[in-house]
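S.K.: could you look at this predicted model? Sequence included:
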Amino acid sequence: MCLAVPGRVLDIEERDGTRMASVDFGGVVKEVCLEYLPDLQVGEYAIVHVGFALQRLDEASAKQTLELFATLGMLQEEFGDPWELAAEAGGSPLPAAGIDTPQEAQK
Amino acid sequence: MKYIDEFQDPDLARRLLDDIHSTVTRPWALMEVCGGQTHTIIRHGIDQLLPEQVELIHGPGCPVCVTPLEVIDKALEIASRPEVIFCSFGDMLRVPGTGRDLFQVRSEGGDVRVVYSPLDALRIAQQNPDREVVFFGIGFETTAPPNAMTVYQARKLGIQNFSLLVSHVRVPPAIEAIMQSPRCRVQAFLAAGHVCSVMGVAEYPELAERFRVPIVVTGFEPLDILEGVRRTVLQLERGEHTVDNAYPRAVRPEGNPAAQAMLADVFEVTDRAWRGIGTIPGSGWRLSSRYRDYDAEYRFSVTGIQTREPAECRSGEVLQGLLKPHECEAFGTLCTPRTPLGATMVSSEGACAAYYLYRRLDITNASLEASTVV
Ligand code: SF4
């Protein structure tokens, strides 16, 4: 959760009066809120934390960071299944899913 | 990953290290504030590549670690209610409250869901109008603006079945508390880069001046840390104490004004207890009175829950840089990531966990003795 990951804006749309974007993080695409960087454009990079773009980043350093994170397995840590990670950490079986699976909630 | 050729740019890493080695003439103690930085330092063995005189002290900057036990107990209580869908970031699932954690609450039938963003929790509230959706809002200045925006949106959209269990913390008062401790050995700070992406650097010059400590804004990749250390040591050797930005690609001096404005609207500064450390004045945020309706503590009447921390755990000293994780008697025996006593072991960004994951094989009795002497 502490991690902030650079991503590239793929497209932008207004939803419920909020500026939202699809952002590509080295292959994983997530919905990201642009309200804190309202003039971010398609093709630009930003540092994204828990679904919010917080600061612009130039392309070269964004790509370098993403490459490093991929090598270190940090993208997997950030975007992988948190229940599995937690089960592994505690050495206990996965608890039963609720009505929505966590993956659904993550969309 | 302890060898310099595994750095992203080994030549640059070597130049930075050479520079640091040739600059240092005396021992210095630097604190890296951010848990992400601690993780990088241990993972890459940066502390072992630095000159012996440069000691890195791990700071309190892991939001998962510093969330007080009683807040975890409040979360567990709320998450156990049948009408509640409790949403959290994945890192909170294994943080032990009294006797159990969110993972277990789910096993016992609680509807606990992991979200990537607080806005996901708001969407779950829209989709489940007959349930109460609570989001666990923890984190430093980087995470607070997203959570503030979510509450703002909830009000704007008239969503009433959504609330926030808030335990946000702020870095500058923590720096102040560390410097005021009579046992403090910290002579300079590597400030947390992404906190400054939001807040800018305006809060630091006064602290640097008052405590005569260099504060160098630092990123959290291996080369960023080396550059941060290099600039810090340079200041220390010259007897300077200014605020310096070694992470300009992500930090503008003014930070993110839109995020700051939202923080000021939705939250107000409050005293906050830090797990293991105790209450630090003005070190947290809570929902401002205009947003009190969205405060889960009031909505679920859990304001009265109070809890004591386990006595064997010395994470408070670890979080303040007074003790290295492996100097705790419980480290690696009573306390492991599978059976954590304190949150600094349960969070992968916590100092105890970082030591356990990356260092346990090279901790020999000799190095244990050596480090206790320091
Ligand atoms: S090793 Fe465990 S018990 Fe000791 S300080 Fe760290 S978290 Fe607490």
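M.R.: Received the coordinates, thanks.
S.K.: what's the longest strand in the chain?
M.R.: Defaulting to chain A. strand A:5-15 (DSSP state E).
S.K.: wait, chain B was what I had in mind.
M.R.: strand B:278-287.
S.K.: buried ones in it?
M.R.: Residues B:I280, B:S283, B:G284, B:W285, B:R286, B:L287 are the ones in strand B:278-287 that count as buried (16 or more other CB atoms under 10 Å in any protein chain shown). Where C-beta positions appear, they are placed from N, C-alpha and C, glycine not excepted.
S.K.: which of those sits closest to chain A?
M.R.: Nearest to chain A, judged by CB to the nearest CB, of those is B:W285 at 15.7 Å.
S.K.: is chain B within reach of stretch A:47-54?
M.R.: Yes - if you take CB under 8 Å from any CB of the partner chain as the test, stretch A:47-54 does meet chain B, through A:I47, A:H49, A:V50, A:G51, A:F52, A:L54.
S.K.: circling back to that earlier point, what element comes up after the longest strand of chain A heading to the C-terminus?
M.R.: For strand A:5-15, the following helix or strand on the C-terminal side (DSSP states H and E) is strand A:18-25.
S.K.: what residues of that next one count as buried?
M.R.: Those would be A:R19, A:M20, A:A21, A:S22, A:V23, A:F25, for strand A:18-25 by 16+ other CB under 10 Å.
S.K.: so which of the residues you listed comes closest to chain B?
M.R.: Distances from chain B to those, taken by CB to the nearest CB, are shortest for A:M20, at 8.5 Å.
S.K.: contacting residues around the closest residue to the ligand within chain A?
M.R.: Per CB to the nearest ligand atom, A:A89 is where chain A lies closest to the ligand, at 13.8 Å. By CB atoms under 8 Å, 6 or more residues apart in numbering or on different chains, the contact set of A:A89 is B:R94, B:P337, B:R338, B:V346, B:S348.
S.K.: now do B:A148
M.R.: Neighbours of B:A148 in contact, by CB under 8 Å, 6+ apart: B:M262, B:L263, B:D265, B:V266, B:F267.
S.K.: pLDDT value on B:P68, please?
M.R.: With respect to pLDDT, B:P68 has a value of 86.
S.K.: cool, A:H49 as well?
M.R.: We have a pLDDT of 94 for A:H49.
S.K.: any idea what it is bridged to?
M.R.: A:F52 (DSSP bridges).
S.K.: in contact with it, which residues?
M.R.: A:L3, A:A4, A:V5, B:T142, B:T143, B:P146, B:H194.
S.K.: buried ones in stretch B:324-331?
M.R.: By 16+ other CB under 10 Å, the buried positions in stretch B:324-331 come out as B:K324, B:P325, B:H326, B:E327, B:C328, B:A330, B:F331.
S.K.: apologies, that question was intended for stretch B:7-27.
M.R.: The neighbour-count check on stretch B:7-27 (16+ other CB under 10 Å) flags B:F7, B:A13, B:L16, B:L17, B:D19, B:I20, B:V24 as buried.
S.K.: what's the last one in contact with, if anything?
M.R.: Going by CB under 8 Å, 6+ apart, B:V24 touches B:P51, B:Q53, B:V54, B:V233, B:E237.
S.K.: and with 10 Å instead?
M.R.: B:V24 is in contact with B:L50, B:P51, B:E52, B:Q53, B:V54, B:V229, B:V233, B:L234, B:L236, B:E237, counting by CB atoms under 10 Å, 6 or more residues apart in numbering or on different chains.
S.K.: that one and B:G137, how far apart?
M.R.: Relative to B:G137, B:V24 is positioned 42 Å away (CB to CB, to the nearest Å).
S.K.: and the closest residue to B:E209 other than its chain neighbours, how many neighbours?
M.R.: Counting by CB to CB, 6 or more residues apart in numbering or on different chains, B:H241 is the residue found nearest to B:E209 once chain neighbours are left out, at 7.1 Å. By the criterion of other CB atoms under 10 Å in any protein chain shown, B:H241 has 19 neighbours.
S.K.: surely B:H241 meets B:I215?
M.R.: Yes - contact criterion CB atoms under 10 Å: B:H241 and B:I215 qualify, at 8.0 Å.
S.K.: who touches both of those two?
M.R.: Common contact partners of B:H241 and B:I215 (CB under 10 Å, 6+ apart): B:A188, B:P205, B:L207, B:A208, B:Q235.
S.K.: farthest pair within the contacts of B:V24?
M.R.: B:E52 and B:L234 (18.0 Å; CB to CB).
S.K.: between those two, who's got more neighbours?
M.R.: B:L234 (17 against 8).
S.K.: for that one, phi and psi?
M.R.: B:L234 adopts backbone torsions of phi -60, psi -50, taken as degrees, to the nearest 10.
S.K.: isn't it right next to B:V216, touching?
M.R.: Yes - between B:L234 and B:V216 there is a contact under CB under 10 Å: 9.3 Å.
S.K.: residue ranges of the helices in chain A, please?
M.R.: In chain A, helices defined by DSSP state H lie at A:59-71, A:74-79, A:82-90, A:102-106, listed in chain order.
S.K.: just the C-alphas of the longest one, formatted as CSV.
M.R.: Extracted as CSV, the C-alpha positions of helix A:59-71 are listed here (Å, rounded to 0.1, in the frame of the first residue of the first chain):
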residue,chain,number,x,y,z
GLU,A,59,8.7,9.2,-19.4
ALA,A,60,12.3,8.1,-19.1
SER,A,61,12.3,8.0,-15.3
ALA,A,62,8.8,6.4,-15.2
LYS,A,63,10.0,3.6,-17.5
GLN,A,64,13.1,3.1,-15.5
THR,A,65,11.2,2.8,-12.2
LEU,A,66,8.7,0.4,-13.8
GLU,A,67,11.5,-1.8,-15.1
LEU,A,68,13.1,-1.9,-11.7
PHE,A,69,9.8,-2.7,-9.9
ALA,A,70,9.1,-5.5,-12.4
THR,A,71,12.6,-7.0,-11.8
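S.K.: what number of residues lie near the closest residue to A:F25 other than its chain neighbours?
M.R.: With CB to CB, 6+ apart as the criterion, A:F25 has its nearest non-adjacent residue at 4.4 Å, and that residue is A:G7. A:G7 has 25 neighbouring residues, counting by other CB under 10 Å.
S.K.: what is the strand or helix carrying B:H21 packed up against?
M.R.: Using DSSP H and E, B:H21 sits in helix B:10-23. In terms of contacts (3 or more CB pairs under 10 Å, 6 or more residues apart in numbering or on different chains; DSSP states H and E), helix B:10-23 is packed against helix B:46-49, strand B:54-61, helix B:222-238.
S.K.: can you read off the pLDDT for B:Q8?
M.R.: B:Q8 is given a pLDDT of 80.
S.K.: list the residues that contact the closest residue in space to it that isn't next to it in sequence.
M.R.: Closest residue to B:Q8 apart from its sequence neighbours, by CB to CB, 6+ apart: A:L68 at 5.4 Å. The contact partners of A:L68, taken as CB under 10 Å, 6+ apart, are A:M74, B:F7, B:Q8, B:E221, B:P222, B:L223.
S.K.: just these now: which is nearest the ligand?
M.R.: Of the contacts of A:L68, the one sitting nearest to the ligand (CB to the nearest ligand atom) turns out to be A:M74, at 22.8 Å.
S.K.: so what's that closest one closest to, chain neighbours aside?
M.R.: A:M74's closest residue in space is A:L3 (CB to CB, 6+ apart), at 6.6 Å.
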